[in-house]
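1. Requesting a structural model of the entry that follows:
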Amino acid sequence: MYESFYKLSGKPFQLSPDPDFYYESRVHKRAYAYLEYGLYQGEGFIVITGEVGAGKTTVVRNLLAHLDQTKVVAAHLVSTMLDADDLVRSVCAAFGLSTKGMDKGSLLADLESFLKGVALKGKRALLIVDEAQNLTPRAIEELRMLSNFQVGERALLQSFLVGQPELRRIMQHNSMQQLRQRIIASYHLGPLDREETIRYIEHRLKHVGWSGDPKIETDAYDAVFAFTSGIPRRINLVCNRLMLSAFLRDSHVLAANDVEVVAQELKDELGTVLPPGEVGAVRGADIDFVVDDSGQPLQGGESLAGIERNLRDDAADPSLQGRVVRLEHAVTALVRMLRRMHHAMEPTQTQDSGARQHQQ
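-> Model (predicted):
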């Protein structure tokens, strides 16, 4: 709607990932380098994590767009709470194999035959699993088993796991020890800093022909960074609404107060400008899991110790804004954790209540 008003050739701040708008920030460049390193190694697992909207899928699609298809056969699978059997079927389908009416054993046999055929042609097979934090433990174990397909000493399948910070916590569980031994590199994709946020906004605008209209005041950039914490998808959300608002006012200048108005509108509509995220940066193995009665980690379980650590850790970002964001994330995580613990205890409470009623 506002594109023609500002003489732009397209939408600069669409929410869906688009490799054409890829901005190689410091953190995105490093994430991409880890994926390239994995391709060079040709085996094992690469794990990339990041907050919702950090740009993980954009990095993956940029990699896929630049793959040498004469050397690599790639399949991109977006996980949706897959269990082990579903995973095998989905992997086969992602590589273009027929799955209709076939049992797991037949699917595995066909997949192994396909992978051997790829190797005989001098190519390598790459599986990229997006939203991998949604995989069940059995599905993750199935992925590890698929990595056992070999011809001589050569692995037939390499996997990249991409997901939210929860994935890294899942990987630290005792049951994942064998998989961890096959992870050759992992990287957490963090947010953009202030300068990169400015360059990101201008990069997307220039990609559609922006030549200074609308003019963006310095304090507007600062306000966008403050409200989005440098998360690309949040930046797109705020800037798209900001451009629309300015167009409706016939304005050719964007200032901090305009950003504040838009941010308040989004807060009223969505409940918060900053969607609930994970607690700070993931710190690797130092994680305590919230477990259910069987001793298994609750899906997406937060760590009390992790929440406490992030609240007192000012080394990464000592600014007031950083502290407020960490506090908000910690409170959100704590509420989610308490809710899950409450739901986990509900069956016991229901049984106790039923027993009391029966006695009465």
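2. for this structure, which spans come out with low pLDDT?
-> 271-360 (pLDDT under 70).
3. Quick one: residues contacting Gly42.
-> Arg124, Ala155, Gln158 (Cβ atoms under 8 Å, 6 or more residues apart in numbering). Placement of C-beta: from N, CA and C, glycine included.
4. phi, psi of the first one?
-> The phi and psi torsions at Arg124 (degrees, to the nearest 10) take the values phi -120, psi 150.
5. okay but it is in contact with Ser159, surely?
-> No - if you go by Cβ atoms under 8 Å, Arg124 and Ser159 don't touch, sitting 11.8 Å apart.
6. Looking at those two, which is more packed in?
-> Ser159 (27 against 20; other Cβ atoms under 10 Å).
7. That one falls within a strand, correct?
-> Yes - according to DSSP: H, G, I helix; E, B strand; the rest coil, Ser159 belongs to a strand.
8. so what's the nearest residue to it once chain neighbours are set aside bridging to?
-> Distances taken as Cβ to Cβ, 6 or more residues apart in numbering put Leu127 closest to Ser159, at 4.7 Å, once the chain neighbours are dropped. Beta-bridge pairing for Leu127 (DSSP bridges): Ala75, Ser159.
9. Start at 29, not 1
-> Sounds good: first residue 29 from here, last item Leu155.
10. just to revisit the earlier point, please identify which of the contacts of Gly70 is nearest to Ser273.
-> Gln186 (46.1 Å; Cβ to Cβ).
11. distance of the closest one from Val101?
-> Gln186 sits 11 Å away from Val101, going by Cβ to Cβ, to the nearest Å.
12. shared neighbours of the two, which are they?
-> Arg152, Ala153, Leu154.
13. could I get the residues you listed as CSV with distance to Gln200?
-> CSV is the format used below for the shared contacts of Gln186 and Val101 (distance: Cβ to Cβ, whole Å):
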residue, distance to Gln200
Arg152, 29
Ala153, 28
Leu154, 25
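14. Can you tell me which of the residues you listed is nearest Gly38?
-> Gly38 lies nearest to Leu154 out of these, by Cβ to Cβ, at 30.8 Å.
15. wait, isn't that closest one in contact with Phe188?
-> Yes - counting by Cβ under 8 Å, Leu154 touches Phe188, with 7.1 Å between them.
16. related to what we said a few turns ago, the residue nearest to Ser187 touches Ala103, doesn't it?
-> Yes - assessed by Cβ under 8 Å, Leu155 is found in contact with Ala103 at 5.3 Å.
17. what helix or strand is Ser239 on?
-> Per DSSP states H and E: Ser239 is located in neither a helix nor a strand.
18. Not counting sequence-adjacent ones, nearest residue to Leu174?
-> Leu185 (5.6 Å).
19. what about the residue nearest to Leu143 when sequence neighbours are not counted, neighbour count?
-> Nearest non-adjacent residue to Leu143, counting by Cβ to Cβ, 6+ apart: Leu184, 3.9 Å away. Neighbour count for Leu184, taken as other Cβ under 10 Å: 21.
20. and if you look at Gln209?
-> Gln209, neighbours per other Cβ under 10 Å, totals 11.
21. Next, it: phi, psi?
-> With angles defined as degrees, to the nearest 10, Gln209 sits at phi -70, psi -20.
22. contacting residues for it?
-> Per Cβ under 8 Å, 6+ apart, neighbours of Gln209: none.
23. 10 Å - rerun?
-> Listed by Cβ atoms under 10 Å, 6 or more residues apart in numbering, the contact set of Gln209 reads Gly72, Phe73, Arg172.
24. Nearest to Leu115 among those?
-> Distance ranking of the contacts of Gln209 against Leu115, using Cβ to Cβ, places Arg172 first at 11.1 Å.
25. Not counting sequence-adjacent ones, nearest residue to the closest one?
-> Leu207 (4.7 Å).
26. how near is that neighbour to Ala213?
-> Distance from Leu207 to Ala213, by Cβ to Cβ: 14 Å.
27. pretty sure the residue nearest to Ser187 contacts Glu170?
-> No - counting by Cβ atoms under 10 Å, Leu155 does not reach Glu170; the two are 11.7 Å apart.
28. between these two, what contacts are shared?
-> Common neighbours of Leu155 and Glu170 (Cβ under 10 Å, 6+ apart) are Val119.
29. from what I can see the residue nearest to Arg172 touches Ile168, true?
-> Yes - if you go by Cβ under 10 Å, Leu207 and Ile168 touch, sitting 6.4 Å apart.
30. Mutual contacts of Arg152 and Ser187, please.
-> Glu71.
31. Could you measure from the residue nearest to Leu143 over to Glu140?
-> 7 Å.
32. ditto for Ser53
-> 40 Å.
33. higher neighbour count, those two?
-> Higher neighbour count among Ser53 and Glu140: Ser53, with 23 against 17, using other Cβ under 10 Å.
34. quick one: contacts for the nearest residue to the more buried one once chain neighbours are set aside?
-> Distance criterion Cβ to Cβ, 6+ apart; nearest residue to Ser53, sequence neighbours excluded, is Glu224 at 4.7 Å. Taking Cβ under 10 Å, 6+ apart as the criterion, Glu224 is in contact with Tyr51, Ser53, Arg54, Val55, His56, His231, Phe253, Gly258, Pro260.
35. and the fifth one, what element?
-> Assessed by DSSP H and E, His56 sits inside helix 54-69.
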